[in-house]
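*Asks:* model the following, please.
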Amino acid sequence: MQRSGSADLPLHGGRVPAWLSTRMARLGAAITEQILLSYGASGFLSRLSDPCWFQALGCVMGMDWHSSGITTAVMGALKRGLNPRSADLGIYICGGRGRHSRLTPAELRACAERHALDGEALARTSRLVARVDNNAIADGYQLYLHAFVLSAAGEWAVVQQGMNGDAGLARRYHWHSAAVRSFTADPHSAIHGRPRGVILNLVDARAQPAQQAILEIARLPVGSALDEARRLVMPRRHDVRALDLDLTRLGAVLAMAHERELRDFAGLLLVEGLGPRTLQALALIAEVVHGAPARFADPARFAFALGGKDGHPFPVPLAVYDESIAVLRRALVAARAGHREKLDAFRRLDRLTRAVERGLEPRADFPAVIARERARSPSWNGRAVFDDAPRPRPAAAQLRLF
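*Replies:* Numbering: from 1, shown residues only. Predicted coordinates for the structure are as follows:
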């Protein structure tokens with residue numbers, strides 16, 4: 001998974017409420033630690049550089065499934081959740097939105113000093129990546145977020161986002177050091193977005209004559225269209241529709257989580273007696289950890305793990321969210337003590353879901369799924385940003401998620 005690219009997202013305002021941001025930090029850290037234990041730092045960075053995987057991660061963490069805020073919220077949550085344990089995990093997240101992006105060089109130098117890396121070279125890389133996307137590619141987007149993720153071995157990924165206020169869109173760019181051979185000749189694996197006229201790309205390998213001309217006689221370069229290899233363009237509407245996701249894949253998750261025989265077997269893998277709604281969330285989280293790149297072409301499907309803060313496809317079920325984090329944390333604590341059985345169970349859970357998908361090929365009844373989730377939302381302490389106040393916590397009996 002050494003993909004890089006970009007995603008176009010509608011601009012949304014507002015903030016992530018505290019009841020969600022704290023949970024996102026805990027869940028994001030638990031998912032990342034599972035990936036690090038299973039695939040190492042390189043595996044995490046390669047996933048982070050895939051725009052579709054990143055979108056799926058944001059969806060499974062309960063953010064708006066399609067908005068520009070997913071980038072800021074996910075990177076902020078990962079920074080809060082991972083940086084306090086960077087010395088143990090070997091992953092450092094530098095930079096961020098606005099003024100935080102300007103701190104990136106200093107943060108990189110501090111990380112480099114701890115691991116005998118070249119801090120000045122990393123700081124220069126950070127500036128080059130930002131300048132390529134902000135200046136060398138004249139696509140109408142101005143950067144306002146720059147997050148540089150560094151491993152203790154010196155491998156890195158960058159996630160940065162620009163805004164086009166006139167179009168009401170944001171564009172997210174992804175980089176991975178394993179895919180970069182030159183900053184002036186095709187440094188991106190791909191850049192994707194809606195065509196909006198001619199784009200000038202001075203770092204296209206075909207633009208090297210233009211680069212030389214600029215240096216010698218300051219002439220304007222010849223414009224060249226950007227290649228597309230992986231496409232992610234999210235719609236402006238808020239509601240999730242059946243056309244946004246693979247109903248067969250979602251149907252397999254629902255069958256595994258809610259059909260008695262399959263649920264009992266899957267529950268034994270993780271926690272005996274685990275409720276079907278939490279199992280549904282954990283199956284989608286397991287896919288984020290272990291799924292192949294092709295599995296993330298429909299990131300909206302992952303919003304069916306823990307909903308979305310804007311109420312689409314349904315409010316965030318806080319009781320399910322908290323139990324999911326607890327199951328993940330217990331598996332990680334056991335793994336750190338040398339007992340990997342529960343950690344490996346998440347890989348088997350992902351395989352089981354895909355086996356159900358191949359064998360039964362159940363298609364989800366989309367309207368019925370939405371109706372059920374919204375009807376049960378109060379019993380799961382469902383919440384959205386539009387709620388004026390927290391809802392009363394359900395009785396203990398209701399929190400058994402069966």
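*Asks:* quick one: low-confidence ranges for the stretch 151-300 of the chain?
*Replies:* 179-231 (pLDDT under 70).
*Asks:* let's see 90
*Replies:* Low-confidence segments of the stretch 151-300 of the chain, defined by pLDDT under 90: 165-167, 175-238, 260-274, 293-294.
*Asks:* strands of that one, residue ranges please.
*Replies:* Ranges of strands in the stretch 151-300 of the chain, per DSSP state E, counting those that start in this stretch, are 156-164, 169-176, 200-201.
*Asks:* pick the most deeply packed of these.
*Replies:* Of all these, strand 169-176 carries the top mean neighbour count, a mean of 26, counting by mean count of other CB atoms under 10 Å. For every residue, glycine as well, the C-beta is placed using N, CA and C.
*Asks:* who does the strand or helix carrying Leu145 touch, helix- and strand-wise?
*Replies:* Applying DSSP states H and E as the criterion places Leu145 in strand 142-151. Strand 142-151 sits against helix 18-48, helix 69-82, strand 91-97, helix 104-114, helix 119-131, strand 156-164, with contacts defined as 3 or more CB pairs under 8 Å, 6 or more residues apart in numbering; DSSP states H and E.
*Asks:* among those, which is nearest Thr278?
*Replies:* Nearest of these to Thr278, taken as CB to CB: helix 18-48 at 12.8 Å.
*Asks:* the following helix or strand past the closest one - contacts with which helices or strands?
*Replies:* Once the chain leaves helix 18-48, the next helix or strand it forms, by DSSP H and E, is helix 51-60. In terms of contacts (3+ CB pairs under 8 Å, 6+ apart), helix 51-60 is packed against strand 6-10, helix 18-48, helix 69-82, strand 169-176, helix 276-290, helix 303-306.
*Asks:* let's see that with 6 Å instead.
*Replies:* helix 276-290 (3 or more CB pairs under 6 Å, 6 or more residues apart in numbering; DSSP states H and E).
*Asks:* residues in contact with Leu247?
*Replies:* Arg363, Ala364 (CB atoms under 6 Å, 6 or more residues apart in numbering).
*Asks:* roughly how far does it sit from Glu259?
*Replies:* When distance is defined by CB to CB, to the nearest Å, Leu247 is 17 Å away from Glu259.
*Asks:* cool, Ala335 as well?
*Replies:* 29 Å.
*Asks:* again, but for Gly43
*Replies:* From Gly43 to Glu259 the distance is 32 Å (CB to CB).
*Asks:* quick check: closest non-adjacent residue to Asn253.
*Replies:* Actually, residue 253 is Val. It isn't Asn. Ala283 (4.9 Å; CB to CB, 6 or more residues apart in numbering).
*Asks:* separation between the nearest residue to Pro17 once chain neighbours are set aside and Leu169?
*Replies:* Nearest in space to Pro17, with sequence neighbours left out and distances taken as CB to CB, 6+ apart, is Val385 at 5.7 Å. Val385 sits 22 Å away from Leu169, going by CB to CB.
*Asks:* state the distance from Met163 to Leu268.
*Replies:* To Leu268, Met163 is 48 Å away according to CB to CB.
*Asks:* which parts of the stretch 201-350 of the chain are helices?
*Replies:* Secondary structure of the stretch 201-350 of the chain (DSSP state H, counting those that start in this stretch): helices located at 208-217, 247-258, 260-270, 276-290, 303-306, 318-336, 341-360.
*Asks:* closest to Asn381 out of those?
*Replies:* helix 318-336 (4.3 Å).
*Asks:* tell me which residues of the closest one come out buried.
*Replies:* 318-325, 327-328, 331-332, 335 (16 or more other CB atoms under 10 Å).
*Asks:* ok, Ala56 touching Arg301?
*Replies:* No: here Ala56 does not reach Arg301: they are 7.8 Å apart, not a contact under CB atoms under 6 Å.
*Asks:* thinking again about what came up before, tell me the secondary structure of the residue nearest to Pro17, please.
*Replies:* Under DSSP: H, G, I helix; E, B strand; the rest coil, Val385 falls in the coil class.
*Asks:* tell me the pLDDT of it.
*Replies:* The model reports Val385 with a pLDDT of 91.
*Asks:* what's around it, how many residues?
*Replies:* Residues lying near Val385 (other CB atoms under 10 Å) number 17.
*Asks:* cool, and Pro378?
*Replies:* Neighbours around Pro378, by other CB under 10 Å: 15.
*Asks:* and Tyr141, by the same measure?
*Replies:* Around Tyr141 there are 23 residues (other CB under 10 Å).
*Asks:* again, but for Ala292
*Replies:* Count around Ala292 with other CB under 10 Å applied: 10.
*Asks:* I'd like to know how far it sits from Ala286.
*Replies:* 13 Å.
*Asks:* got it, and Ala56?
*Replies:* In terms of CB to CB, Ala56 sits 12 Å off from Ala286.
*Asks:* rewinding a little: so the strand holding Leu145 versus strand 169-176, what angle?
*Replies:* Relative orientation of strand 142-151 versus strand 169-176 (axes from the mean of the first three to the mean of the last three CA atoms, to 10 degrees): 30 degrees.
*Asks:* buried ones in strand 142-151, by neighbour count?
*Replies:* Leu143, Tyr144, Leu145, His146, Ala147, Phe148, Val149, Leu150, Ser151.
*Asks:* the residue nearest to Phe265 when sequence neighbours are not counted and Trp65, how far apart?
*Replies:* Leaving aside its chain neighbours, Phe265 sits nearest to Leu352 (7.4 Å; criterion: CB to CB, 6+ apart). Leu352 sits 25 Å away from Trp65, going by CB to CB.
*Asks:* these two: which has the busier surroundings?
*Replies:* More crowded of Leu352 and Trp65, by other CB under 10 Å: Trp65, with 30 against 19.
*Asks:* verify the stated contact: that one with Ala305.
*Replies:* No: using CB under 6 Å, Trp65 makes no contact with Ala305, being 10.8 Å away.
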